[in-house]
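Asker: Task: produce atomic coordinates for the following.
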Amino acid sequence: MTYQDYLSITPEIKQALDEGKPVVALESTILSHGMPYPENLEFAHKVEEIIRGEGAIPATTAIINGQLKVGLNAQELELMCKGENIAKASRRDVAVYLATNQVAATTVATTMMIADMAGIRVFATGGIGGVHRYAQETMDISADLQELANTNVCVVSAGCKSILDIGLTLEYLETFGVPVLGFNTDKFPAFYCDDSGFNVDYNAKDAKQVAKIMKTKWDLGLKGGFIVGNPIPKEYSMDKDYINGAIDKAVQMAKEKGIHGKATTPFLLATIKDLTGGDSLASNLQLAYNNAKVASQIAIEYSKL
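Answerer: Numbering: from 1, shown residues only. Modelled structure (predicted):
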């Protein structure tokens, strides 16, 4: 058997890929571990509508009953959104969950893996994982970063989650040769805020320029992906001091409770949501919608090359 025997691609997505049409990959961790039901189901439908509205095909990924799913039917999407006994799969977990027929949501890393296997080159997410605060003590560094170094997928995100050490995350990406592009911005976004205080490597003015850079890198045989930092729309960007205060408090709470590893991000996001009275979730939704729109535009331009 090869990896293709584990792939389950919906007929619509398979046809689109065979015909060179634009397809945008989507993760499922944001559904199973990032939002409550049924708001997450409404969100999933809205994101897919945005992608279709731009002229691309959405491909939500998951691990279900021994298969790497590329595109989910209504029943499968409902299963992932209800989130009952749904594991969270990063690269190290994939073989175990497939072999044991478990149901698992895909992180940024596993969505990149599955997208690459299927031949999908553009992926829209909220924010990537990265180097966690106090990583010099905990060694808590997201597998997303190594995936970006090795897997040929362009990831459109609102930068990285501001619960992370953004400076160290950018240093790590630079060390492993991952280009960090800003989508019509010189500043690297910080998820809830449109400006992290750090610069991107290159300001890509539009989707056509991003697509050309992608093609050039892979034409040269240079492995690895891209980060396209797409800032949250200004009207939904949160005050930096306010959100950072909530983040600092949530990080301290996680430290006191001994929360680490893959449990860290869901705990922090839920705590920040509570501390901000739900404002952070509203911003999270808007940045994800915006990323889906831009990723679709990039996929369309890339499909023309």
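
Asker: Quick one: residues contacting residue 266.
Answerer: Shown in contact with residue 266 (CB atoms under 8 Å, 6 or more residues apart in numbering): 33-34, 88. (Each C-beta comes from the backbone N, C-alpha and C, glycine too.)

Asker: and if we set it to 10 Å?
Answerer: Listed by CB atoms under 10 Å, 6 or more residues apart in numbering, the contact partners of residue 266 are 29, 32-34, 88, 259.

Asker: now swap in residue 134 and tell me
Answerer: 140, 165, 251, 255, 260.

Asker: about what we covered before: in helices only, show me the contacts of residue 266.
Answerer: Mapping the contacts of residue 266 onto helices (DSSP state H) picks out 29, 32.

Asker: is it possible to export the contacts of residue 266 to a markdown table including pLDDT?
Answerer: Compiled in a markdown table, these are given as follows (pLDDT from 0 to 100):
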| residue | pLDDT |
| --- | --- |
| 29 | 94 |
| 32 | 94 |
| 33 | 88 |
| 34 | 83 |
| 88 | 94 |
| 259 | 83 |
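
Asker: Buried subset of the contacts of residue 266, written for PyMOL?
Answerer: Here is the PyMOL selection string for the buried members of the contacts of residue 266, based on 16 or more other CB atoms under 10 Å:
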select buried, resi 29+32+33+34+88+259
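
Asker: average model confidence for stretch 287-296?
Answerer: In this model, stretch 287-296 carries a mean pLDDT of 97.

Asker: and if you look at stretch 222-229?
Answerer: 97.

Asker: again, but for stretch 7-18
Answerer: 98.

Asker: re earlier: narrow the contacts of residue 134 to just the buried residues.
Answerer: For those, a burial check counting by 16+ other CB under 10 Å picks out 140, 165, 251.

Asker: so which of these comes closest to residue 272?
Answerer: residue 251 (9.6 Å; CB to CB).

Asker: Name the helix or strand of the protein that has the lowest mean pLDDT.
Answerer: Here the helix or strand of the chain ranked lowest by mean pLDDT, DSSP states H and E is helix 135-138, holding a mean of 70.

Asker: coming back round to it: among the buried ones among the contacts of residue 134, which are located in helices?
Answerer: Those of the buried ones among the contacts of residue 134 lying in helices (DSSP H): residue 251.

Asker: State the helix or strand in which the nearest residue to residue 122 once chain neighbours are set aside lies.
Answerer: Spatial nearest neighbour of residue 122, excluding adjacent residues (CB to CB, 6 or more residues apart in numbering): residue 299 at 4.1 Å. Using DSSP states H and E, residue 299 sits in helix 279-304.

Asker: one step back: of the contacts of residue 266, just say which sits nearest to residue 64.
Answerer: residue 32 (11.5 Å).
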